[in-house]
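Novice: the sequence and its predicted three-dimensional model are supplied below.
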Amino acid sequence: MLRLAPATMLVFGLAVATCAQAARAVACPAAAASAAEDRTAKLADWPAVAAFHDRFQACDDGAIAEGLSDAIGRLLSHPRPEVDVLRRLARSHPGLEAFVQRHVDASLPDAALARIAEQLPSRCDARSLPLCRRLAGAARHAMAERPGLSPASKAPS
């Protein structure tokens, strides 16, 4: 078995992190990152999320990812989440459903996660129900990452 000195492991770890950061910088140039960050605050509907996904998915990291999660959480926890629109868009935008599901994460406020987990399936039409159940499952998974948070304890009425 190969044993490395702690200093060698530290240098190796920094090299890997630097390479990963460089790969993201190439995939998402500074100008695109700036535009993507500005757009996250303006994601008010599913067509805007789909357009963002198509144009800026390589920039899905850090503050941009947090902004995306916030926007997607707002859309899904809205009293009228329009998941049927998301479902239709996902058919013509490969990867969109997984992108949205990935942003139903532990960075969302407790109340939003609880609302998505508990109420989203009841707000979906029959064709969108499987998608709603997957998104609700993602919210439950995110809630499980936080101690003491359960859907029943946080869902607003």
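Specialist: Now that the structure is in, tell me what you want to look at.

Novice: residue nearest the centroid of this structure?
Specialist: residue 103 (1.1 Å; C-alpha atoms, centre = their mean).

Novice: next helix or strand past the one helix or strand in the chain whose mean pLDDT sits lowest?
Specialist: Every helix and strand in the chain was compared by mean pLDDT, DSSP states H and E; the lowest is helix 6-27, with a mean of 44. Next in sequence after helix 6-27, counting helices and strands by DSSP states H and E, comes helix 30-40.

Novice: what are the buried residues along that following helix?
Specialist: 33, 36-37, 39-40 (16 or more other C-beta atoms under 10 Å). From N, CA and C alone the C-beta is placed, and that goes for glycine too.

Novice: what about stretch 41-58, distance to the chain center?
Specialist: 12 Å (C-alpha atoms, centre = their mean, to the nearest Å).

Novice: repeat that for stretch 91-98.
Specialist: That offset, for stretch 91-98, works out to 13 Å (C-alpha atoms, centre = their mean).

Novice: now do that stretch, average pLDDT.
Specialist: Averaging pLDDT along stretch 91-98 yields 96.

Novice: a markdown table please, covering the buried residues of helix 30-40 and showing distance to residue 54 and pLDDT.
Specialist: Formatted as a markdown table, the buried residues of helix 30-40 follow (distance: C-beta to C-beta, whole Å; pLDDT from 0 to 100):
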| residue | distance to residue 54 | pLDDT |
| --- | --- | --- |
| 33 | 16 | 95 |
| 36 | 12 | 96 |
| 37 | 17 | 94 |
| 39 | 12 | 93 |
| 40 | 15 | 94 |
